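[1] Show me how the following folds:
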Amino acid sequence: MRALVTGGCGFIGRWVVAELLGRGHEVLVIDDLSNGSEENLAEFKGNAKLLNVVVGDVSDESKAAPLVEKADVVLHLAARINVQDSIDDPRDTFESDVAGTFELLEMARRRKVRFLYMSTCMVYARATTGAIREDHPTLPASPYAASKLAAEALTVSYAHAYGLAATVVRPFNTYGPFQKATGEGGVVSIFCARALAPEGRIQIYGDGTQTRDLVYASDCARFTVEAALSDRAVGEVLNAGTGKDVSVNDLAAMIQPDAARIEHVPHIHPQSEVMKLQADAAKAERLLGWKPEVPLEEGIERVKTWLASKDTA
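    Next up, the predicted model:
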């Protein structure tokens with residue numbers, strides 16, 4: 001098939017492009033580079049099946065529509081993903097994540113192209129016990145999460161109202177090489193980068209009891225591609241996660257064994273913190289046959305190796 005990946009120069013986007021190319025599909029990419037880099041796709045530049053990488057916004061019809069016209073499936077990953085930015089400037093997040101998704105859905109509807117929307121586990125209401133299933137209540141605690149939930153609803157509505165082959169996925173906390181280790185980058189990448197730095201100090205927001213279900217990037221990409229291409233996933237919302245959560249305190253100790261180099265600092269946006277994230281991915285296993293494969297310990301070592309290779313390059 002020929003797939004269009006929006007946000008394909010970003011962290012997860014890069015892994016989705018790799019998964020598609022590895023399966024022999026042709027790939028088109030559009031990315032405004034607000035959170036990604038063309039360098040993330042550098043290793044694929046000699047691959048004849050990477051047909052085009054366009055720098056542009058998905059809501060720019062002059063750039064996006066010709067790509068949708070050529071595609072059999074759209075995997076829509078492009079988004080404003082910084083929680084604090086969404087709190088400071090909710091309009092920008094809304095216009096990108098909601099209005100931008102609407103424009104892309106309209107392009108897909110006219111062309112009758114399969115459509116996958118990548119949402120986030122942050123749409124869920126706070127959970128205190130047990131794994132979170134797709135029917136767990138939603139209660140977004142930031143404009144970022146609210147925009148994701150709104151775009152989810154739009155995507156599902158197009159499946160029902162127009163018969164569009166559309167699917168929503170909610171990956172839990174994805175990590176791996178190519179993820180930013182600055183700002184609100186993934187916690188694993190940030191902790192690993194700081195542990196490898198000369199001082200080796202890790203800072204934890206809040207008391208560190210918040211938990212995360214950490215999914216390695218290749219597992220997330222495999223899930224995303226399976227969901228995008230599966231007829232059984234049409235009209236569905238699917239979680240991806242390991243089913244195991246780890247506290248931020250325990251994660252920090254795995255990455256930096258020296259407790260003296262770990263400190264707690266005030267949270268930058270405590271009102272938007274999700275204290276427990278643990279996925280129930282039984283639906284994805286049932287419909288797609290998907291299971292995560294990379295254990296957390298192995299994934300952490302891969303991230304450390306990748307970061308170290310960047311430092312010595």
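[2] what about the strands in the stretch 151-300 of the chain?
    Secondary structure of the stretch 151-300 of the chain (DSSP state E, counting those that start in this stretch): strands located at 166-171, 173-175, 202-205, 211-212, 214-216, 237-240, 246-247, 262-265.
[3] Need those strands in TSV (columns: mean neighbour count).
    For glycine as for every other residue, the C-beta is placed from the backbone atoms N, C-alpha and C. Converted to TSV, the strands of the stretch 151-300 of the chain look like this (neighbours: other CB atoms under 10 Å):
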stretch	mean neighbour count
strand 166-171	27
strand 173-175	26
strand 202-205	18
strand 211-212	22
strand 214-216	26
strand 237-240	25
strand 246-247	18
strand 262-265	14
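[4] Minimum distance to Ser37: which of those has it?
    strand 173-175 (17.3 Å; CB to CB).
[5] how far is the closest one from where the chain is centred?
    Offset of strand 173-175 from its chain centre (CA atoms, centre = their mean, to the nearest Å): 7 Å.
[6] before we move on, what about stretch 169-184?
    Averaged C-alpha coordinates place stretch 169-184 at 7 Å from its chain's average position (CA atoms, centre = their mean).
[7] Kindly export it (C-alpha atoms) in PDB.
    Extracted C-alpha coordinates of stretch 169-184, given in PDB (Å, rounded to 0.1, in the frame of the first residue of the first chain):
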ATOM      1  CA  VAL A 169      -5.300   4.700  18.700                       C
ATOM      2  CA  ARG A 170      -4.200   5.700  22.200                       C
ATOM      3  CA  PRO A 171      -0.600   4.700  22.800                       C
ATOM      4  CA  PHE A 172       0.500   4.900  26.400                       C
ATOM      5  CA  ASN A 173       4.000   6.400  27.200                       C
ATOM      6  CA  THR A 174       6.100   5.600  24.200                       C
ATOM      7  CA  TYR A 175       9.900   5.800  24.500                       C
ATOM      8  CA  GLY A 176      13.000   4.900  22.500                       C
ATOM      9  CA  PRO A 177      15.800   6.300  20.400                       C
ATOM     10  CA  PHE A 178      15.100   9.500  18.400                       C
ATOM     11  CA  GLN A 179      13.000  10.900  21.300                       C
ATOM     12  CA  LYS A 180      13.900  14.300  22.500                       C
ATOM     13  CA  ALA A 181      15.700  14.400  25.900                       C
ATOM     14  CA  THR A 182      14.800  18.100  26.500                       C
ATOM     15  CA  GLY A 183      11.800  20.000  27.600                       C
ATOM     16  CA  GLU A 184       8.800  17.800  27.800                       C
END
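[8] Thanks a lot, catch you later.
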